[in-house]
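Chemist: Just the structure for this:
(one chain, ligands or ions: 3)
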Amino acid sequence: MTDLSEINPAQTWDRAAIEALFELPFNDLLFRAQTVHRAHFDANAVQMSTLLSVKTGGCSEDCGYCSQSAHYDTGLERGRLLDVAEVVTAAQAAKASGATRFCMGAAWRGPKDKDLDGVIDMVRQVKALGMETCVTLGMLQAGQAEKLKAAGLDYYNHNLDTAPEFYGQVVTTHTYEDRLDTLSQVREAGISVCCGGIVGLGESRAMRARLIAELASLDPQPESVPINKLVKVPGTPLAAEADLDPLEFVRTIAVARIAMPTSHVRLSAGRRELGEAVQALCFLAGANSIFYGDKLLTTGNPDVEADEALFAKLGLKPEPVKGCRCAEA
Ligand code: SAM
Ligand code: DTB
Ligand code: SF4
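Modeler: Ligands and ions are numbered 1, 2, ... in the order given. Below you'll find the model as predicted:
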């Protein structure tokens, strides 16, 4: 039997402790994750974020999973930075369908100051709709995070993606240190941190444990932790990677929940491929956030009707924003 006295909220999570969680019998792991989850959250509420790619493709970076890297021929059409009006229209539609956070992604190594001005306008106008705002723009330079904060940015997404030891096998155009540096700038500017990873890249379980240990050791821990399952994009180096066992993905969610008890753990890319039963296990493992809407950045996501049907079957409900009177905005 799992001894609940083992659950020590003040525990610090090194790699060995995280590996031990991964090794637990599946039922013990899920029970423990659900117990931790219920101590901090409404177990039936799910935070809903909608994504929009505001600048697509042509990225200088060589992330081996990414459809938007200029290093690979994925057949993706490059786009310009969208007009703010197009973005506001998409955010209004996301809000009408039930999303509370709008996440804008740009395929950049990092924003040039001129580009940042355009994004700042988007942040201001989306915020004015009464939605939480999030952007993911790549690496930031000094002063940029402060400008975003002043515009009303709530969250900055910047993932560690995998273990430091494995990172160089997936990306060579920037380093793990670069990622950590941007995360510090975001934190220092007073913006909430959205930082997670991607699994199914061919990494070992030990590398998945190392990723979760890195995320859990960020101080404070990230408010949002997206766990992405590789979406295999034809033309990328990882297109032919073997599928990660779905139960290993559920384990990764459960371990993230236990190691980061007060973070929102987001069941992110790859959800469409998981099917309803595995998604249900992910919610049981403590996932309490999703990307909501028919598209992620460039690839597909379950459509809104499918998610409504799944939520109805599972008795899940959208999580309201704390202290927000969004419905009145
Ligand atoms: N360019 C920015 C950056 O790299 O931080 C922001 C956009 S990038 C698309 C955001 C995250 O999406 C990546 O860190 C990765 O975790 C996830 N991602 C990208 N392509 C993916 C894929 N094919 N499958 C699953 N997740 C993916
Ligand atoms: C995150 O961790 N996952 C989202 C968001 N942050 C920006 C992106 C997923 C991208 C999946 C592949 C695509 O649609 O291009
Ligand atoms: Fe894709 Fe972001 Fe890497 Fe560019 S930096 S290739 S957009 S994951």
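Chemist: interface residues of this protein facing ligand 3?
Modeler: 59, 61, 63, 66, 68-69, 107, 138 (Cβ under 6 Å from any ligand atom). No exception for glycine: its C-beta is placed from N, CA and C like everyone else's.
Chemist: Nearest to D219 among those residues?
Modeler: D219 has its nearest neighbour among these in G138, at 23.2 Å by Cβ to Cβ.
Chemist: what about the helices in this structure?
Modeler: Along the chain, counting by DSSP state H, helices occupy 15-23, 26-40, 84-96, 113-127, 144-150, 164-167, 176-188, 205-217, 246-259, 271-284, 304-314.
Chemist: quick one on the thing from earlier: columns neighbour count and pLDDT on top of the residues of the chain next to ligand 3, output as TSV?
Modeler: Shown next, in TSV, are those (neighbours: other Cβ atoms under 10 Å; pLDDT from 0 to 100):
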residue	neighbour count	pLDDT
C59	21	98
E61	19	98
C63	23	98
C66	25	98
Q68	25	98
S69	25	98
A107	27	98
G138	19	98
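Chemist: Sort out which one of these lies nearest V36 for me.
Modeler: Within those, proximity to V36 (Cβ to Cβ) peaks at C63, which comes in at 31.4 Å.
Chemist: How about the closest one: what's its closest non-neighbour residue?
Modeler: Once flanking residues are discounted, C63 sits nearest to V171: 4.9 Å by Cβ to Cβ, 6 or more residues apart in numbering.
Chemist: Please name the residues that touch the one you found.
Modeler: With contact taken as Cβ atoms under 8 Å, 6 or more residues apart in numbering, V171 is in contact with 61-64, 161.
Chemist: Same question for I18.
Modeler: Going by Cβ under 8 Å, 6+ apart, I18 touches 209-210, 212-213, 216, 255, 259.
Chemist: returning to what we had before: would you turn the residues of the chain next to ligand 3 into CSV with distance to ligand 2?
Modeler: Below are these laid out as CSV (distance: Cβ to the nearest ligand atom, whole Å):
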residue, distance to ligand 2
C59, 11
E61, 13
C63, 10
C66, 7
Q68, 6
S69, 10
A107, 9
G138, 11
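Chemist: contacts with ligand 1 among those residues, please.
Modeler: Among the residues of the chain next to ligand 3, ligand 1 is touched by 66, 107, 138 when using Cβ under 6 Å from any ligand atom.
Chemist: Distance check, D161 against L51.
Modeler: For D161, the distance to L51 equals 17 Å [Cβ to Cβ, to the nearest Å].
Chemist: If you count surrounding residues, which of the two has more?
Modeler: Set D161 next to L51 and count neighbours by other Cβ atoms under 10 Å: L51 wins out with 26 against 23.
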